[in-house]
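Student: here you go, sequence then predicted model.
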Amino acid sequence: MTRPVAKNVSITFATSLLSSGATAIGALVVANALGARGAGLFTLARVVPTVVASVLGAGITIANPYFIGGRRHSVQAIAETNVLLGLAFGLVGLGAWILGAPLLMTHFYRQVAAWPVLVLGASVPILLVRNYLNAIQQGLQAFTEANLVLFVEDLAGTLVVLPLLWTSPPAGTTERLVILAPLVGATVSLIVAVCDLTRRGIRLLPRLRWTLGVEMLRFGIKGYLARLANTLSWRLDMMILSTLGSAEAVGYYAVATKVAETVRPLSGSLNFVLRPVFASLPAGEARTQGVRLLRSFFAVNLLAVAALWLACGIVVDRLFGAEFAAAIPACRILLVGLIGFGVDGVLNGFNVGIGRPEFNAYAAAVGLAITLAGDLTLITRYGLTGAAVTSAAAYTAKALALGAIFVFAADRSRADEQGIAVGRIAA
C-alpha cells in the first residue's frame, strides 16, 4: 500500500502546488495592477462561491469515494444520481445568490457593478456538478485525471487576468475581469471532468435512483457537517474580516493565507488519496496502515511548516513587495496552527474510509466554535492578527480532537474484540 499511496499523494501534492502557484501568480498580477483592494476582490470572487457550493454539497463528494472505492454500487448508477442532485442543488444555490446579490454587494463586492456579481453566481451550480464528478474520479482512484480537473480551474482563472500585466483597462473593466476570472476557471474544469468520465464510458445523464440517493445522502450528510464546519473555519476569518475590516486588510490577509497554505496541500493530498484506499481495506488493516502513515506524515508536515516559517518573510517580500510586509506576522501565526494538519490529512481520510465520517464532524465542530468566538472577539480589536491567532488556535484544537477520537475508537474497538473473544470461550 505504501508505494501506491506515496505515488498518488506525490501527484496530488505536486498538482496542488501547481494550482497554488497559478493562483498566486493571478493574485500577484491583480495586486500589482489594483493593489490590496484588487487582491481582496480576486480572493473573494473565488472564496464566496466555493463556500456556497460547499454548503449546498450535502456531502456527496464524501460519499462518492466511499461507495465507489468500496464497490458498494455501480459507478454508472452513482454518476446518474450525482448529476441530478448536482443540478438540483446548484439551481437552488443560483437562486439564493440572485436573491442575496444586494447583500453580497454591500458586504463583499463593494463598489462593483451589479451584473458581474450576478453572473458570478453561475459559479455555484458549475462548481457543485464539477465537485461531484471530481469525487467520482477520486473514487475510481483516477488521481492524475482528478487532479488535472482541479488544476485547470486555477490555471484558466489566472490566464484571464494575465493581460493586466501589459494593458491598463479602465477601472470598472478591470474589476469586472477580476470578478469573472474564477467563473471561467470553474467552467473549464467542469468541461475537463465531463470529457474524462465520458471517455471512460460513463453516461452523465441525470436520473434519480431513490434508494441510492437516500443512502448516499444519509452517509454524506455526516461528512457534510464536517466539511461545512471545516470550510467555514478556513474561510470565515476572511469573510468576517471583509465585513469588519477594510479591503486592504483583506488583501494583506489574503497574501498571508496564500503563503501559509502552501503546506496545506500536503494534508489535503493525503486525505484525497486515502478515502477510497481505506474504503477498499478491512477495518483492522486500515487502522494499521493509518497509524503507520500518521507517524511518518506528521514528521514531514512539521519539517515543511518549519521551513516555510523561516522563509515566509522573504517569500512575501519577493513575490508581493514591501507594501505587503503587514502580511508576514499573520503568515507566521497561521503556520504555527498548520502543524496540526500533520494529523488532519490521515485521520480525515481514515474516518471516511471506515464509514465513520461523523468523527470528522465532531472534531470540526470544535474548530468552528473557536473560529466563531475568536473572530468575532479579536478581529474588531486586532484586525488580521486577531484572525490569524484565531485560525491557528482552531486548527490546533481540531487536530487534538481528531487524535483523541482516534485513540478512543481504538481502545473501544479492542474492548469489543476482547468481549467477543471472552463470549466465544464461555460458549
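Tutor: Here it is on my side, so go on.

Student: just for the stretch 101-250 of the chain, where's the confidence low?
Tutor: 169-173, 245 (pLDDT under 70).

Student: again, but for the stretch 301-427 of the chain
Tutor: 410-427.

Student: helix or strand for the closest residue to residue 372 other than its chain neighbours, which one?
Tutor: In space, not counting the residues next to it along the chain, residue 372 is nearest to residue 236; the distance is 7.1 Å by C-beta to C-beta, 6 or more residues apart in numbering. All C-beta spots, glycine's among them, are computed from the backbone N, C-alpha and C. Counting by DSSP states H and E, the element that carries residue 236 is helix 210-244.

Student: any buried residues in that helix, and which?
Tutor: 212-213, 215-217, 219-242 (16 or more other C-beta atoms under 10 Å).

Student: so which elements touch that helix?
Tutor: helix 2-56, helix 60-69, helix 75-99, helix 247-260, helix 358-382, helix 384-426 (3 or more C-beta pairs under 8 Å, 6 or more residues apart in numbering; DSSP states H and E).

Student: so what's residue 52 up against?
Tutor: 93, 96, 97, 124 (C-beta atoms under 8 Å, 6 or more residues apart in numbering).

Student: now the helix holding residue 236 and helix 60-69, what's the angle there?
Tutor: 140 degrees (axes from the mean of the first three to the mean of the last three C-alpha atoms, to 10 degrees).

Student: quick one: contacts for residue 133?
Tutor: 79, 82, 86, 149, 190, 193, 194, 197, 204.

Student: show me which of those residues is closest to residue 368.
Tutor: Lowest distance from residue 368 to those (C-beta to C-beta) belongs to residue 86, with 25.3 Å.

Student: nearest residue to the closest one other than its sequence neighbours?
Tutor: The shortest distance from residue 86 to any non-neighbouring residue, by C-beta to C-beta, 6+ apart, is to residue 129 (3.9 Å).

Student: can you tell me the SS state at the one you found?
Tutor: helix (DSSP: H, G, I helix; E, B strand; the rest coil).

Student: and it, how close does it get to residue 56?
Tutor: The gap separating residue 129 from residue 56 is 11 Å, by C-beta to C-beta, to the nearest Å.

Student: give me the common contacts of the two.
Tutor: Taking C-beta under 8 Å, 6+ apart as the criterion, residue 129 and residue 56 both touch residue 90.

Student: show me what contacts the residue nearest in space to the middle of the chain?
Tutor: In the chain, the centroid-proximal residue (C-alpha atoms, centre = their mean) is residue 231; its distance is 6.7 Å. Residues near residue 231 by C-beta under 8 Å, 6+ apart: 50, 51, 54, 55.

Student: assess the claim that the first one and residue 127 are in contact.
Tutor: Yes: because the distance of 6.5 Å satisfies C-beta atoms under 8 Å, residue 50 is recorded as touching residue 127.

Student: more neighbours, those two?
Tutor: Neighbour count, other C-beta atoms under 10 Å: between residue 50 and residue 127, residue 127 has more, with 29 against 19.

Student: for the closest residue to that one other than its chain neighbours, give me its contacts.
Tutor: Computed as C-beta to C-beta, 6+ apart, the closest residue to residue 127 that is not its neighbour in sequence is residue 53, at 4.0 Å. Contact analysis of residue 53 by C-beta under 8 Å, 6+ apart lists 90, 93, 123, 124, 127, 128, 131.

Student: what about those residues, which one has the most neighbours?
Tutor: residue 128 (32 neighbours).

Student: that residue touches residue 88, doesn't it?
Tutor: No: the pair formed by residue 128 and residue 88 falls short of the contact definition of C-beta under 8 Å, at 9.3 Å.

Student: surely residue 165 and residue 31 touch.
Tutor: No: shown here, residue 165 and residue 31 do not form a contact pair, counting by C-beta under 8 Å, at 12.0 Å.

Student: who's more crowded, those two?
Tutor: residue 31 (23 against 11).

Student: adding distance to residue 277, write the helices and strands packed on helix 210-244 out as TSV.
Tutor: Listed next are those as TSV, based on distance: least, C-beta to C-beta, whole Å:
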stretch	distance to residue 277
helix 2-56	6
helix 60-69	7
helix 75-99	17
helix 247-260	28
helix 358-382	16
helix 384-426	17
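
Student: right, and the ones you listed - which one's nearest residue 186?
Tutor: Residue 186 sits nearest to helix 2-56 of all the helices and strands packed on helix 210-244, at 7.6 Å, using C-beta to C-beta.

Student: what's the angle from that closest one to helix 247-260?
Tutor: Angular relation of helix 2-56 and helix 247-260 on a 0 to 180 degree scale: 160 degrees, by the same axes, to 10 degrees.
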